[in-house]
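Chemist: Compute the structure for the input listed below.
(2 chains)
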Amino acid sequence: MNKKKRRLLIRSIILILLISAVVYTLYANFTKDERGQIQAGDKAPDFVLTDMEGKKHKLSEYEGQGVFLNFWGTWCKPCEKEMPYMNNQYKQFKDQGVQVLAVNVSESEFLVNRFVSKHNLEFPIVIDKNGEVLNAYGVDPLPTTFLINPDGEVVKVITGTMTEEDIKEHMESITP
Amino acid sequence: MKEIKCECGHVNPIGTVLCESCGRALTSKAQEEKLHDMRYEGSARRSQTYNKSIIDKVWNFFSSVKVGVWLIVITLIASAVGTILPQEQYIPSALPPEQYYEEVYGFFGKLYYTLGFHDLYSSWWYLLLIASIGISLVICSLDRVIPLHRALKTQRVSRHESFLKRQRVYGVTETTNIDDNLDTIKKKLRAKKYKIREEDGNILAEKNRFSRWGPYVNHVGLIIFLIGGMLRFVPGMYIDETVWIREGEKKAVPGTKDEYYIENKNFTLENYDAEDKEVFQQTIKNAGTIAKNYQSDVVLYKESGNTLPGENAELKMEKEDSIKVNHPLKFENFAVYQTSYKLDEFKSMSFTFDNKESEKTFGEFTVDLFDPKHKYDFGDGYSVELMGYYPNFTGFDEKGEPVSDKPIPDNPAFLFKMFSPEKPEGEISFVGIRKNLEPLGENEYKLSFAGVETRDVSALTVHKDLTLWIIALGGAIFMIGVVQGAYWHHRRIWFRRSGAGSLIAAGHTNKGWFGLKNELKGILEGTDIEMPEDQQEKEEVRRNKDDSDIDG
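Modeler: Numbering: from 1, shown residues only, chains lettered A, B, ... in the order given. The predicted model follows:
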């Protein structure tokens, strides 16, 4: 190889190495807020939580069905607003293979029970006592909803309140 | 694109100023110089002629020291501007930053926020500046250290007379007895730890060449330092997170994937008081309360076996410790520090069930604020039903319903229904802190506040930094480079026979000319060789004299 070509090659390699290090750093810096958060396309982390009737719900057992996974708290007004909509759509979609799981964020059973009876909620409500599931999904802020397809993959993450029309569309998107 | 062939026959890379081998000036500019610029030995430090491809253009841009200096200056100015307003992490969290800066500092604040000065170390252009400095360091160093190394390796003993003449320390002595003189000189040079090379009866004495690599070793250290900083962005290398744990609570340690749990047994805040040594008393009088100790007594647990989130994990106790300032809990690569605390958070509240008129008590009960019960029964037809619980009561909404804005019981309020034989259908009472309402009319019974149980909350910071040793290594190499370049001087002394009966003596050092001249004086003592002159000093003296002549 002649000298000129070799120099070009060496210079190119050094520059590529340096620039890729810079690009990686910038990329990592931009995405650091999302690190630890489950994104669309990720596999939904499995968990086991118990609902108000004492029934255990393991996410992986719902494989083959779409799962509408909602995180909420009783004090959170936007969460409260979308609950009746979710309840209505749950009635429509539960026979079509879409499961709704509403994960309460470490509150007392008393508060959750009161909330459930106030809104006549029919779908299973589970309490994440130690916030472990919340951490596993990196949920912030409330409400956050994960749409999980029948293969157990997160299709979409929705933060903030939804209209009934939104909920209907989202449930349609994960119907098996 | 031809290499430069010197008269001496050596082939130099393009851009060379002084022949690597014999030292002849290769450019007309160098030929006209009174003294040669010896910083890079006149080597080809940048092939500006190769400016064809984009790679070469980028390379040459970063190869310029001028560009490097500007990058550093701009970064310095940006860093300084970043200190004018507080950084994002230090502003009160009541307002989101995009509003805070504008509201508090006006237009300047808005600009500050828009340009990313509020979070300087994470703004893309600042990172890009630091990265450019890194690139500039690598390329500048490579473009200089390689030709310099080459030039020093290929230098010949017999340098051309024109080269020696343009050295700062230079002199010619006429003497008949060159050989004897050189023998004495050689002996003395060896005593001074010079390495001596000979060629055709000429001498090159050299020592401490490694001092020339000091700046480059220093740059390698800096680059390792920057790599260490960069690795903090790699997941798992660096964790700095805070977790709040109430007394009696157990929480997963962030960053350990729920493998470790910490239980907060007890938090203690001690202040200096009257029982402490007298020396403290004056200060206590002046400053009021002074904290003596912040301490969290904790237990560390490790999960045995793999459990899913939400599943009850089997925890094995690993260790018990008291976290204090400067005494973190350490395990694996983690250190857990005491960061903050909250004293006396409500845990439970007790009430008595009294008849208003007779003031007789029919029962006492305690409401656990983190797990309230639905019903409290006292027998004989007396009971209380909890109808509503508002952990942080903030007021009533438009429908008249009580509202709580967070799950933490900072201002708990309750809606009770009281049952008694006289009132079997129940009476409604709304109880909160300094509040006892009867929203549905006068009651016969009341609930009286009977006590409260509180507990403290500790904020612990979980810290893990696997990049620290890399940063320390970079710093150490940086310092080695500084010492290497600063405390040793690269000195060279040439002796060259010129014609019959005359000997040229010349010297060069990268710094510390006084030391070189002093050493040379000692070496030439007792020989016929005259001490060479410092041509630069002579020039300065001459110029000063001219100036004073004009003034006179």
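Chemist: Skipping its backbone neighbours, what lies nearest the residue nearest the centre of chain A in space?
Modeler: In chain A, the residue lying closest to the centroid (Cα atoms, centre = their mean) is residue A:146, at 3.2 Å. Leaving aside its sequence neighbours, residue A:146 sits nearest to residue A:69 (Cβ to Cβ, 6 or more residues apart in numbering or on different chains; 4.3 Å). Quick note: C-beta positions are derived from backbone N, CA and C, even for glycine.
Chemist: picking that back up, so the residue nearest to the centre of chain A, which of the three states?
Modeler: strand (DSSP: H, G, I helix; E, B strand; the rest coil).
Chemist: that older thread, so what's the residue nearest to residue A:146 up against?
Modeler: Contacts for residue A:69 (Cβ atoms under 8 Å, 6 or more residues apart in numbering or on different chains) come out as A:44, A:59, A:101, A:103, A:145-148.
Chemist: related to what we said a few turns ago, what's the spacing between the residue nearest to the centre of chain A and chain B?
Modeler: Separation of residue A:146 from chain B (Cβ to the nearest Cβ, to the nearest Å) stands at 14 Å.
Chemist: Show me what the biggest helix by length in chain A is packed up against.
Modeler: Longest helix of chain A, by residue count under DSSP state H: helix A:3-30. If you count contacts as 3 or more Cβ pairs under 8 Å, 6 or more residues apart in numbering or on different chains; DSSP states H and E, helix A:3-30 packs onto helix B:54-63, helix B:124-154, helix B:214-231.
Chemist: one step back: so which of the contacts of residue A:69 is the closest to residue B:267?
Modeler: residue A:103 (29.6 Å; Cβ to Cβ).
Chemist: touching chain B at all, the helix or strand harbouring that closest one?
Modeler: Per DSSP states H and E, residue A:103 falls inside strand A:98-105. Yes: using Cβ under 8 Å from any Cβ of the partner chain, strand A:98-105 comes into contact with chain B via residue A:105.
Chemist: average pLDDT across the next helix or strand along the chain from that strand?
Modeler: Following strand A:98-105 in sequence order, the next helix or strand is helix A:109-119 (DSSP H and E). Computed over helix A:109-119, the mean pLDDT rounds to 92.
Chemist: now do stretch B:496-510
Modeler: Per-residue scores along stretch B:496-510 average to 90.
Chemist: Next: stretch B:308-328.
Modeler: Stretch B:308-328 shows a mean pLDDT of 87.
Chemist: Spell out whether it and chain A are in contact.
Modeler: Yes: counting by Cβ under 8 Å from any Cβ, chain A is contacted by stretch B:308-328 at B:308-311.
Chemist: Just these: which are in helices?
Modeler: Judged by DSSP H, these include no members of helices.
Chemist: Please give the element, helix or strand, for residue A:136.
Modeler: Using DSSP H and E, residue A:136 maps to helix A:132-137.
Chemist: re the thing from before, save the contacts of residue A:69 as CSV, and put in pLDDT too.
Modeler: Converted to CSV, these look like this (pLDDT from 0 to 100):
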residue, pLDDT
A:44, 91
A:59, 91
A:101, 93
A:103, 94
A:145, 93
A:146, 93
A:147, 93
A:148, 93
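Chemist: check contacts around residue A:49.
Modeler: Shown in contact with residue A:49 (Cβ under 8 Å, 6+ apart): A:56-57, A:101, A:103, A:126-128, A:133, B:310.
Chemist: List buried residues within those residues.
Modeler: Those of the contacts of residue A:49 that meet the buried threshold are A:57, A:101, A:103, A:126-128, A:133, B:310, by 16 or more other Cβ atoms under 10 Å in any protein chain shown.
Chemist: residue contacts, the residue sitting nearest the centre point of chain B?
Modeler: In chain B, the centroid-proximal residue (Cα atoms, centre = their mean) is residue B:229; its distance is 7.4 Å. Residues counted as contacts of residue B:229 (Cβ under 8 Å, 6+ apart) are B:467, B:471.
Chemist: Pass me the low-pLDDT residue ranges in chain A, would you?
Modeler: Chain A contains residues with pLDDT under 70 at A:1.
Chemist: hey, where'd the helices end up in the stretch 401-550 of chain B?
Modeler: All helices of the stretch 401-550 of chain B, identified by DSSP state H, counting those that start in this stretch, fall at B:468-487, B:513-524, B:535-551.
Chemist: The ones you listed: which one's closest to residue B:437?
Modeler: Judged by Cβ to Cβ, the one of the helices of the stretch 401-550 of chain B that comes nearest to residue B:437 is helix B:468-487, at 58.0 Å.
Chemist: I'd like the helices of the stretch 401-550 of chain B as JSON lines, with distance to chain A, mean neighbour count and mean pLDDT appended.
Modeler: Below are the helices of the stretch 401-550 of chain B laid out as JSON lines (distance: least, Cβ to the nearest Cβ, whole Å; neighbours: other Cβ atoms under 10 Å in any protein chain shown; pLDDT from 0 to 100):
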{"stretch": "helix B:468-487", "distance to chain A": "14", "mean neighbour count": "16", "mean pLDDT": "96"}
{"stretch": "helix B:513-524", "distance to chain A": "37", "mean neighbour count": "17", "mean pLDDT": "94"}
{"stretch": "helix B:535-551", "distance to chain A": "37", "mean neighbour count": "11", "mean pLDDT": "75"}
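Chemist: want to throw those into JSON lines with distance to residue A:121?
Modeler: Output for those, formatted as JSON lines (distance: least, Cβ to Cβ, whole Å):
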{"stretch": "helix B:468-487", "distance to residue A:121": "50"}
{"stretch": "helix B:513-524", "distance to residue A:121": "88"}
{"stretch": "helix B:535-551", "distance to residue A:121": "91"}
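Chemist: Go ahead and name everything in contact with stretch B:306-325.
Modeler: Under the contact criterion Cβ under 8 Å, 6+ apart, stretch B:306-325 has outside partners A:45-49, A:58, A:126, A:128-130, A:132-133, A:135-136, B:250, B:258, B:260-261, B:293-305, B:329, B:331, B:336-338, B:458, B:460.
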